[in-house]
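> Model the structure of this input:
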Amino acid sequence: MSTQEQIERLNGWSAFAAIVMFSVGVLRVVSGISYLADSRKVNDLSLGLFGDNMWAWGIWDLGIGIAALFAAYSLLGNGTYGKIVTYLWAVLVIVNSFLIIGFAPWFAAGMIALAVLVVYGVAKATDEAISRGMAA
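Take a look at the predicted model:
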C-alpha cells in the first residue's frame, strides 16, 4: 500500500485518537523514567498498588507508555491492536474519572469527554473501514 493510500484511509477522528494515544504514551514513558531516576521528588504513593516501591511504579508506567505508543502506531494503520488498547484505555479513564469526580470535578469531566471523543474516533474509523470493505 502506498503512502498516499494510507493517508486517504486515515480520517480526522482516527488521527485524533492516535495523537491522544501518542501523548499518553510519551507522558507515561517520561513519568516512568522520572520514577526510576529520582523517586524522592514524587508524591507519597505508599498506600498505592505497589506501596513505596518506586521502581515498580516506574516499570508500570513504562509498560503503559510503550503499550500506548504501539497502540497509536497501530491506529495509524487501522490495526486491531490499537483499537483494542485504545478502547481499554478509554474505559479505564472513564472509570477512574467517576472515582475522582468528587475531588476534581472539572478534571474528571474533561477526561470523560476526551475518552468519549477517542472512543467515537476509533468507532467511526472502524465503521468507515467496514463500509469501504463492503462497497468494494
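> Hmm, I112 is touching I94, no?
Yes - the criterion here is Cβ atoms under 8 Å, and I112 meets it with I94 at 5.6 Å. The C-beta positions use only the backbone N, C-alpha and C, and glycine is treated the same way.
> And the longest helix along the chain, how far out from the chain middle?
Criterion DSSP state H: the longest helix present in the chain is helix 105-135. Computed by Cα atoms, centre = their mean, to the nearest Å, the chain-centroid distance of helix 105-135 equals 12 Å.
> any idea how far the residue nearest the centre of the chain lies from A71?
In the chain, the residue lying closest to the centroid (Cα atoms, centre = their mean) is M21, at 3.9 Å. Computed as Cβ to Cβ, to the nearest Å, the M21 to A71 distance reads 5 Å.
> got any residues that touch both of the two?
82, 85-86, 89 (Cβ atoms under 8 Å, 6 or more residues apart in numbering).
> tell me which of those is nearest to D61?
When the shared contacts of M21 and A71 are ranked by distance to D61 (Cβ to Cβ), W89 comes first, at 13.7 Å.
> For the helix or strand hosting that closest one, name the packing helices and strands.
Assessed by DSSP states H and E, W89 sits inside helix 80-100. Other helices and strands packing on helix 80-100, by 3 or more Cβ pairs under 8 Å, 6 or more residues apart in numbering; DSSP states H and E, are helix 12-37, helix 54-76, helix 105-135.
> what packs against the shortest one?
Read that as helix 54-76. Looks like helix 54-76 contacts helix 12-37, helix 80-100 (3+ Cβ pairs under 8 Å, 6+ apart).
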